[in-house]
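# The following block contains a protein sequence and its predicted model.
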Amino acid sequence: MRYDALVIGAGLGGLGAGIRLAQFGKRVAILERHTVFGGLNSFYKLGGRLFDSGLHALTNYAPKGERKTPLGKIVRQLRLDYDALELGEQSHSAIRFPGVELRFSNHFDLLRAEVARAFPSEVVAFERLVAELPSYEALELAGEPRSARAELARRLREPLLVEMLLCPLCFYGGAKEHDLDWSEFAILFRSIFLEGLARPAHGMRGFLKLLVERFEAEGGELRLRTAVARIVIADGVARGVELANGEILEADHVFSSAGAVETRRLCGGEAANASHEAAVGRLSFFETLEVLAAEPRELGVPETTVFFNSSERFDYRRPDDLVDDESGVICTPNNYARHEPLAEGLVRVTLLANHARWVELDDARYAAEKQAAAERALAAAARFGVDVRGKGVFRDTFTPRTIERFTGKLGGAVYGSPVKRRDGETGVRGLSLVGTDQGLVGIVGALLSGITIVNRRALAASGSSA
């Protein structure tokens, strides 16, 4: 069977790419090995309840009509109905280190005032930092990588402020240990602090349903339970894919959201040999989802998200232990603005985790360690003002092992390889990367990645309007 384009993976990058291709009359199929779409940001049912997987927040929030923002570009280029997204803004969030707190919301003046209160000597330097952040357009032309820590240290005299700014940005998109690239810092700072956080009213299921409906309305074909065994390459050019059942699908273009290393392995031969341990992401996470008997606000938790760290230095790295409870993220979906209340209260606590340690456990030890890690996570949250211990009526947890199993991400690396490929280049003609390893993260970033790479590599090349 022949297509104009094939997309590997029905995550957000893949869906963005697929919709954009189909809009321009391309015959396109999205191939997803699982029974549901969404990839890292999906949904599942357990215990009669519907849970989001991966969704803490939709970053890059922008009001209706803001056309030049990333969200505005997605709404325009995918022809989405903004109102149908039903986005509820965050109440406010917080960054908590010992003895110091910075609050922020979707109104930047709150963070500006918090920095002035907690770090009065840094007011001018902080304003200069914000003014010097490169625009999204400039970031597309970013050159050699630069250390965000080094750039911040040049601009700010208070090391603690540097650590507090890095903490939420790393947790929401950092693929490398200890640091971010300066361009990644700028993207994440804009998406979280200058634009803000929101949540679709019906979670990921509702949000993804809108995207799938757009794709299919344009004539796209979504094939679930369709695993790709290899990418077919002849004379250095991607010609299509072979499915796990042996079926061959031919195409002029192949777009992969599987990840850089994972995609090279699908290529086989010399391309596969190019993958090495250093290219596999080292950062993964453990999370416990605690369903509560009451609304979080009733339990004294008004924040949408709390980023916490137990010392003045934020050590963002793969822990030696199963989990690291010295830092983490606490998210309360109930505290986004919404038209109707959620059925139950929910608190999610996320910690850094060691993939290798989790996968070596036998099943009995694995189950026991998951519960032990959940208790450690709740105890860590309690140290930073969110104590829901003993208030839960249901619990689910996931580990790096879960992430790898359901997403195919090697090492359970949510943010993929630390080496990003902004141009989507794979070294194989006709084969391009979209999604996390292209360099844009989060829901909006992944969608924008799919759109951008398709515009450059398929639509522009064919003379279609981008």
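Structure's in. What do you need?

# Check the gap between the closest residue to Glu195 other than its chain neighbours and Ile74 for me.
The shortest distance from Glu195 to any non-neighbouring residue, by CB to CB, 6 or more residues apart in numbering, is to Asn60 (4.9 Å). Every residue, glycine included, has its C-beta placed from N, CA and C. Separation of Asn60 from Ile74 (CB to CB, to the nearest Å): 9 Å.

# Overlap of the contact sets of those two?
Both Asn60 and Ile74 are in contact with Val444, where contact means CB atoms under 8 Å, 6 or more residues apart in numbering.

# Phi first, then psi, for Leu161.
Main-chain torsions, Leu161, degrees, to the nearest 10: phi -60, psi -40.

# residues touching it, list them.
115, 118-119, 122, 126.

# Who wins on neighbours among these?
Scoring the contacts of Leu161 on neighbours with other CB atoms under 10 Å, the highest-scoring entry is Val115 at 24 neighbours.

# can you list contacts of the helix or strand containing it?
Taking DSSP states H and E as the criterion, Val115 maps to helix 108-118. For helix 108-118, the external contacting residues (CB under 8 Å, 6+ apart) are 92, 100-105, 122-123, 126-127, 161, 193-194.

# Give the next helix or strand downstream of it.
Next in line after helix 108-118, if elements are assigned by DSSP H and E, sits helix 123-132.

# And that next one, what's buried?
125-126, 129-130 (16 or more other CB atoms under 10 Å).

# from those residues, which single one is nearest Asp320?
Using CB to CB, Leu129 is the member of these that lies nearest Asp320, at 33.5 Å.

# Starting from Glu127, give me the distance back to the closest residue to that closest one other than its chain neighbours.
Nearest residue to Leu129, sequence neighbours excluded (CB to CB, 6+ apart): Arg155, at 4.9 Å. For Arg155, the distance to Glu127 (CB to CB) stands at 11 Å.

# Repeat that for Glu250.
55 Å.

# got a pLDDT number for Ala466?
Listed pLDDT for Ala466 reads 43.

# correction: Tyr3
As predicted, Tyr3 sits at a pLDDT of 97.

# Now do the SS call for it.
State at Tyr3, reduced to three classes by DSSP: H, G, I helix; E, B strand; the rest coil: strand.

# how close does it sit to Val241?
10 Å.

# what's the overlap in contacts for those two?
249, 251.

# ok, and the closest non-adjacent residue to Lys45?
Phe51 (7.5 Å).

# For whichever helix or strand the one you found is part of, which outside residues touch it?
Phe51 belongs to strand 49-53 when assigned by DSSP H and E. Here strand 49-53 makes contact (CB under 8 Å, 6+ apart) with 38, 40-45, 203-205, 289, 291, 333, 344, 394, 396, 398, 406.

# Ser310 and Ala379 touch, don't they?
No. Here Ser310 lies out of contact with Ala379, judged by CB atoms under 8 Å, at a distance of 11.6 Å.

# Between these two, tell me which one has more neighbours.
Remark: of Ser310 and Ala379, Ser310 carries more neighbours, 18 against 13, as counted by other CB under 10 Å.

# What does the pLDDT read for the nearest residue to that one once chain neighbours are set aside?
Of all residues not flanking Ser310 in the chain, Glu326 sits nearest, at 4.3 Å (CB to CB, 6+ apart). In this model, Glu326 is scored at 98, pLDDT.

# doesn't Glu326 fall inside a strand?
Yes. Glu326: assigned to a strand according to three-state DSSP.

# residues in contact with it?
Residues counted as contacts of Glu326 (CB under 8 Å, 6+ apart) are 309-311, 315, 380.

# which among those end up buried?
309-310, 380.

# Which ones among those lie within strands?
For the buried ones among the contacts of Glu326, membership in strands holds for Asn309, with DSSP state E as the criterion.

# Off-centre distance for stretch 450-463?
Mean C-alpha position of stretch 450-463 versus that of the full chain (CA atoms, centre = their mean, to the nearest Å) differs by 23 Å.

# could you give me the average pLDDT of that stretch?
On average, stretch 450-463 scores 85.

# residues in contact with that stretch?
5, 12-21, 24, 26, 73-74, 77-78, 253, 255, 257, 423-424, 432-435, 438, 440, 464-466.

# Now, the residues you listed that are in helices?
12-21, 73-74, 77 (DSSP state H).

# what's the closest of the residues you listed to Ile231?
Each of the ones in helices among the contacts of stretch 450-463 was checked against Ile231 using CB to CB; the closest is Gly14, at 14.5 Å.

# hang on, isn't the closest one packed against Val7?
Yes. With contacts counted by CB under 8 Å, Gly14 reaches Val7, the gap being 4.7 Å.

# tell me, what's touching those two both at once?
Counting by CB under 8 Å, 6+ apart, the shared contacts of Gly14 and Val7 are 30, 255, 257, 434.

# Dump those residues into a markdown table; add pLDDT, distance to Leu165 and neighbour count as well.
Shown next, in a markdown table, are the shared contacts of Gly14 and Val7 (pLDDT from 0 to 100; distance: CB to CB, whole Å; neighbours: other CB atoms under 10 Å):
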| residue | pLDDT | distance to Leu165 | neighbour count |
| --- | --- | --- | --- |
| Ile30 | 98 | 37 | 29 |
| Phe255 | 98 | 34 | 34 |
| Ser257 | 96 | 29 | 33 |
| Val434 | 96 | 29 | 34 |
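
# closest to Gly385 among those residues?
For the shared contacts of Gly14 and Val7, the nearest to Gly385 is Ser257 (37.4 Å; CB to CB).

# Touching, the closest one and Gly435? I think so.
Yes. At 3.8 Å, Ser257 and Gly435 qualify as touching, with contact defined as CB under 8 Å.

# shared neighbours, the two?
Taking CB under 8 Å, 6+ apart as the contact rule, Ser257 and Gly435 both touch 9, 11, 13-14, 39, 446, 450.

# how many neighbours does the residue nearest to Lys45 have?
When neighbours are defined as other CB under 10 Å, Phe51 has 22 of them.

# same deal with Gly411?
Around Gly411 there are 22 residues (other CB under 10 Å).

# Over to Arg103?
Residues near Arg103, counting by other CB under 10 Å, number 17.

# ok, now Asp83?
8.

# hang on, it is in a strand, isn't it?
No. Asp83: not assigned to a strand; according to three-state DSSP it is helix.
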